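Q: sequence first, predicted coordinates after that:
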Amino acid sequence: MEFDYTEEQLALQDTLQRFISRDYDFDKRKAILKSDLGFSADAWKQYAELGLLSLPFPEDFGGLGGSAVDVMLVMEQFGSGLLMEPYLSSVVVSGGLLRDAASKELKQKLLPEIAAGSAKASLACYEAAGRYDLSYVACTATQKGGTWQLSGQKSVVLDGPSSDFFLVTARNSGKTGDAVGVSLFLVPRDAKGLTILGYPTQIGARAADLKLENVAVGADALIGPAGAALPIVQRAIDRGIAALCAEAVGVMNALNKATLEYLKTRKQFGVAIGTFQALKHRMADMLIAAEQSRSMAVIAAVNADSDDAAERQRAIAAAKAYIGQAGRLVGQQAVQLHGGMGVVDEHVVSHYFKRLTMIDLTFGDADYHLGRFSDMLRPAS
Amino acid sequence: MDLTFTKQEEAFRDEVRAFFAAELPKEIRDKLEMGRHISKDDMVRWQKILYRKGWGAPNWPTKFGGTGWNVVQQHIFEEERAEACAPPQNVFGLKMLAPVMQNFGNAAQQEYFLPRILSGEHWWCQGYSEPGSGSDLASLRTSAVRQGDHYVVNGQKTWNTMGQYADWIFALVRTSTEGRQQQGISFLLIDMKSPGVSVRPIIMLDGGHEINDVFFDNVKVPVQNLIGEENKGWTYAKFLLSHERSGNAGIGACKHALKKLKEIAAAQLANGKPLIEDSRFRDRIAQVEMELMALEITNLRVLSGYAKDQKAQSLGPEVSMLKIKGSEIIQTLAELKMHALGHDALPYVREALDIKWAGNPLLNTHYGSYAPPLSGQYFNQRKTTIYAGSTEVQKNIISQMILGL
């Protein structure tokens, strides 16, 4: 039983905190959001130099061999600093997926590029009518000689506009909604027949829908076994969820800190508003929610690397559902306790609130995961 | 970051489990397993069994005859106790009074009282709350006036748990009305057989008798029964409360109740199908299980932080979080267990809580063996967010001690 970070991990945490206060304060971040990319290419380079981008990859492929707990630590800082770079989509989810399932040749080619920051990848696994269901794949994959032809549509691909290649789920057999018959393909952004329709998200980071019209890729673009990609994709999403849970904890703690500070300094009726019991108790609820969320994020992180798919999915679903609910409580109440200051763009609180809202809606919201956890409920033993 | 117990801790868990399997009398186990009443005799008998094993006081240091277990071991012991359906020990002597006596009592008090708590010979109860002093405990008015070599105590204590069985009561009494109200309080040990002590039952909403009013009418208490110094009782009282709250996450009890809930929901039929297949009900179980998963880790985080802190004398204000969440979860579980029965929870025959109740053909169709009148538990458990500092008092503590508001 150990709940503290190691000294090595704390050193990394310290480095990230110093980076955020130096290069990523509220005003600098505002400028970054206004740029074409929506994130900082310079920061991305620095992450590569710090080793963040190679953190979760095996040492054989130029990585640092870090665990999901190392990723947790990084993502907490992404949360408290509201960092916009595509770490989750490229390194944690896509990088993790390639690490698990790609051929040795492909790993040797792509992982060092992701680790260096010279290439970015994103997972395209959701479709318009499927909501959060990974098996809802209507996008087709047809084998023709030595190539695959992909046709269909993909929704809300995180960081899609800046991705160099996509990991796309497509169906080579069965019908939409079947668990088998789904395959995964590597598609470069300049593939013929691929249209990337980019847009900003709630907080300003970018995402995209993909349109695939007879996109032809070679046999070597197939990742993992044909028709059996779902467990691989699920695992990558689980890892992404664990990372999002950690990010949410970072956001919640930052929001609570800001709110507590506001309660102590904002005066009305001649006294600090933090002297009012209604507000004290709300703040206590927010603290409890954040502490319980940290516990859930720890559960998610230590299970994220597990090979026991049932146990892993159960833990991940519970964590995501819990943190979705807790995030709503902390986010909404932080805005409420800030009064008018909570609803303006000029104050960081609204940005944290929006990030928590996005985290809930990404990879399945609280209701969706509560339902999954409920369906996986263990019988009395 | 590691959520696994060490090999030694797992071995310890195995040892505790094996002991419970071998030594817990079946008739006591059955009562707890089936949610029936346990008696004082059951509890004392179990305490004596633990005592013979050397496990009479899981939370005491070895020099007083305790096990010397660390907080993680205590947590494991408590989890296994709940899982094995062993009775809880009498917390008033073991977990409330004893830490105070060990830290602030004199040698004579320690030598006389502690072994008798350990062996189960003395049954202790608590005299804190008064009719006018609940959350605002320091406003208490029960008076103790020094007359020669004894105090004369007059007043009334209330919400006194299981005092009808008690040999002794530890009580907060007012020895001075000067200065702040906290400054005039003393901590006295009173023999329940003293002339002038009387106990009046308070029947709770579930029909049970577990709490009382205790009256003191010119009760003579020898001065050697004063703990520590006169007028310093508030310090000891607060010390006691921090120990009282330490077990209040109740992880073991919650886990056991969750298991029971799932059994009931699997056995109850709705429209001919197991209730647990109804996703609307199952989602509510999932929701509370999720809360419990989080609390289990939060509890262990607090315990392990304490175990690492060499200077800490008792758990910090974080226990207030554990108490708030643990009490809410156990209440939700009681509520769901009752709701699992649907309208079969309406018939309420209190006698059915007695293990010897013969049953009757009519009520047996409503009460499965797994489901005694569960509404009693639901009603009774409303106390958990009120006792040992209500949820609102705990939030005051969090805002003051942790948040600095």
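A: Nice, thanks for sending it over.

Q: when you work out contacts or count neighbours from here on, use the C-alpha atoms and nothing else.
A: Fine.

Q: and for residue 257, the neighbour number?
A: Since you didn't name a chain, this refers to chain A. Neighbours of A:K257 under the rule other Cα atoms under 10 Å in any protein chain shown: 15.

Q: sorry, should have said chain B
A: What B:A257 shows, counting by other Cα under 10 Å, is a neighbour count of 19.

Q: grab the nearest non-local neighbour of it.
A: B:L333 (6.5 Å; Cα to Cα, 6 or more residues apart in numbering or on different chains).

Q: what's the neighbour count on that neighbour?
A: Neighbourhood size, B:L333 [other Cα under 10 Å]: 26.

Q: by contact count, what packs against the helix or strand harbouring it?
A: Per DSSP states H and E: B:L333 is located in helix B:319-340. Secondary-structure packing of helix B:319-340 (3 or more Cα pairs under 8 Å, 6 or more residues apart in numbering or on different chains; DSSP states H and E): helix B:251-267, helix B:279-308, helix B:374-380, helix B:391-397.

Q: hmm, back to that, contacting residues for the residue nearest to B:A257?
A: Contact partners of B:L333, counting by Cα atoms under 8 Å, 6 or more residues apart in numbering or on different chains, are B:254, B:257-258, B:261, B:288.

Q: pLDDT weak spots in chain B?
A: Flagging of chain B using pLDDT under 70 yields the residue ranges B:244-248, B:370-371.

Q: what residue is smack in the middle of it?
A: The residue lying closest to the centre of chain B (Cα atoms, centre = their mean) is B:V91, at 5.7 Å.

Q: for it, grab phi and psi.
A: phi -70, psi -20 (degrees, to the nearest 10).

Q: and it, how far is that from chain A?
A: Remark: distance between B:V91 and chain A (Cα to the nearest Cα, to the nearest Å) = 26 Å.

Q: residues contacting A:Q277?
A: For A:Q277, the contacting residues are B:N396, by Cα under 8 Å, 6+ apart.

Q: pull the contacting residues for the closest residue to A:A366 other than its chain neighbours.
A: If the residues on either side of it in the chain are set aside, A:A366 comes closest to A:A321, at 3.9 Å by Cα to Cα, 6+ apart. By Cα under 8 Å, 6+ apart, the residues touching A:A321 are A:365-370.

Q: which parts of chain B are strands?
A: Listed in chain order, the strands of chain B (DSSP state E) span B:124-127, B:143-147, B:150-161, B:168-174, B:185-191, B:197-203, B:209-222, B:226-227, B:269-270, B:273-274.

Q: would you mind giving those as CSV with mean neighbour count and distance to B:S320 added?
A: As requested, the strands of chain B are exported to CSV (neighbours: other Cα atoms under 10 Å in any protein chain shown; distance: least, Cα to Cα, whole Å):
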stretch, mean neighbour count, distance to B:S320
strand B:124-127, 26, 20
strand B:143-147, 18, 30
strand B:150-161, 21, 21
strand B:168-174, 24, 22
strand B:185-191, 25, 24
strand B:197-203, 17, 28
strand B:209-222, 19, 24
strand B:226-227, 22, 26
strand B:269-270, 16, 39
strand B:273-274, 13, 38
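
Q: need those strands in a markdown table with distance to A:A124, can you?
A: Shown next, in a markdown table, are those (distance: least, Cα to Cα, whole Å):
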| stretch | distance to A:A124 |
| --- | --- |
| strand B:124-127 | 63 |
| strand B:143-147 | 75 |
| strand B:150-161 | 61 |
| strand B:168-174 | 67 |
| strand B:185-191 | 68 |
| strand B:197-203 | 63 |
| strand B:209-222 | 61 |
| strand B:226-227 | 70 |
| strand B:269-270 | 42 |
| strand B:273-274 | 39 |
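
Q: out of those, which comes closest to chain A?
A: strand B:273-274 (12.4 Å; Cα to the nearest Cα).

Q: by neighbours, which of the contacts of A:A321 wins?
A: A:L370 (26 neighbours).

Q: if I look at that residue, how far off is chain B?
A: In terms of Cα to the nearest Cα, A:L370 sits 7 Å off from chain B.

Q: quick one: residues contacting that residue.
A: Counting by Cα under 8 Å, 6+ apart, A:L370 has contacts A:317-318, A:321, B:283, B:286-287.

Q: apply 10 Å and report the result again.
A: A:L370 makes contacts with A:314, A:317-322, A:324-325, A:364, A:376, B:283-284, B:286-287, B:290, as judged by Cα atoms under 10 Å, 6 or more residues apart in numbering or on different chains.

Q: related to what we said a few turns ago, which one of the contacts of B:L333 sits closest to A:V251?
A: A:V251 has its nearest neighbour among those in B:V288, at 24.4 Å by Cα to Cα.

Q: for that closest one, which residues are in contact?
A: B:254, B:258, B:294, B:328-330, B:332-333, B:336.

Q: now swap in B:L3 and tell me
A: A:1-3, A:298-299, A:302-303, B:297, B:300-301.

Q: quick one: which of those sit in helices?
A: A:298-299, A:302-303, B:297, B:300-301 (DSSP state H).

Q: any chance of TSV for the residues you listed, columns distance to A:V271 and neighbour count?
A: TSV is the format used below for those (distance: Cα to Cα, whole Å; neighbours: other Cα atoms under 10 Å in any protein chain shown):
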residue	distance to A:V271	neighbour count
A:V298	39	26
A:I299	41	25
A:V302	45	21
A:N303	47	24
B:I297	38	21
B:L300	38	20
B:R301	36	19
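
Q: verify the stated contact: B:E335 with B:G342.
A: No. Using Cα atoms under 10 Å, B:E335 is not in contact with B:G342; the gap is 11.0 Å.

Q: pull up the residues of the stretch 1-150 of chain B that are close to chain A.
A: B:1-6, B:9, B:72 (Cα under 10 Å from any Cα of the partner chain).

Q: quick one: which of the residues you listed is most hemmed in?
A: B:V72 (17 neighbours).

Q: what about the nearest residue to that residue once chain neighbours are set aside, distance to chain A?
A: Leaving aside its sequence neighbours, B:V72 sits nearest to B:L303 (Cα to Cα, 6+ apart; 6.7 Å). Distance, B:L303 to chain A, using Cα to the nearest Cα: 10 Å.

Q: got the CA positions of stretch A:103-118 in CSV?
A: Extracted as CSV, the C-alpha positions of stretch A:103-118 are listed here (Å, rounded to 0.1, in the frame of the first residue of the first chain):
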residue,chain,number,x,y,z
SER,A,103,3.9,-4.6,-35.6
LYS,A,104,7.5,-4.3,-34.6
GLU,A,105,8.3,-2.5,-37.8
LEU,A,106,5.5,0.0,-37.4
LYS,A,107,6.5,0.6,-33.8
GLN,A,108,10.1,1.2,-34.8
LYS,A,109,8.9,3.7,-37.3
LEU,A,110,6.2,5.6,-35.4
LEU,A,111,7.0,5.5,-31.7
PRO,A,112,10.3,7.4,-32.0
GLU,A,113,8.5,10.0,-34.1
ILE,A,114,5.7,10.4,-31.6
ALA,A,115,8.3,10.5,-28.8
ALA,A,116,10.2,13.2,-30.6
GLY,A,117,7.1,15.2,-31.2
SER,A,118,7.7,15.2,-34.9
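
Q: that one - what's its average pLDDT?
A: For stretch A:103-118, mean pLDDT rounds to 96.

Q: surely A:F61 and A:L98 touch.
A: No. Under the criterion of Cα under 10 Å, A:F61 makes no contact with A:L98, lying 11.3 Å away.

Q: can you give me the helices in the stretch 151-300 of chain A?
A: A:230-265, A:277-304 (DSSP state H, counting those that start in this stretch).

Q: okay if I get the ones you listed as TSV plus mean pLDDT?
A: Shown next, in TSV, are those (pLDDT from 0 to 100):
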stretch	mean pLDDT
helix A:230-265	98
helix A:277-304	98
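
Q: need those helices in a markdown table with distance to B:Y236, can you?
A: Shown next, in a markdown table, are these (distance: least, Cα to Cα, whole Å):
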| stretch | distance to B:Y236 |
| --- | --- |
| helix A:230-265 | 32 |
| helix A:277-304 | 26 |
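
Q: what does the stretch 201-350 of chain A put close to chain B?
A: A:257, A:260-261, A:263-264, A:272-277, A:279-285, A:287-289, A:291-299, A:301-303, A:315, A:317-319, A:321-322.
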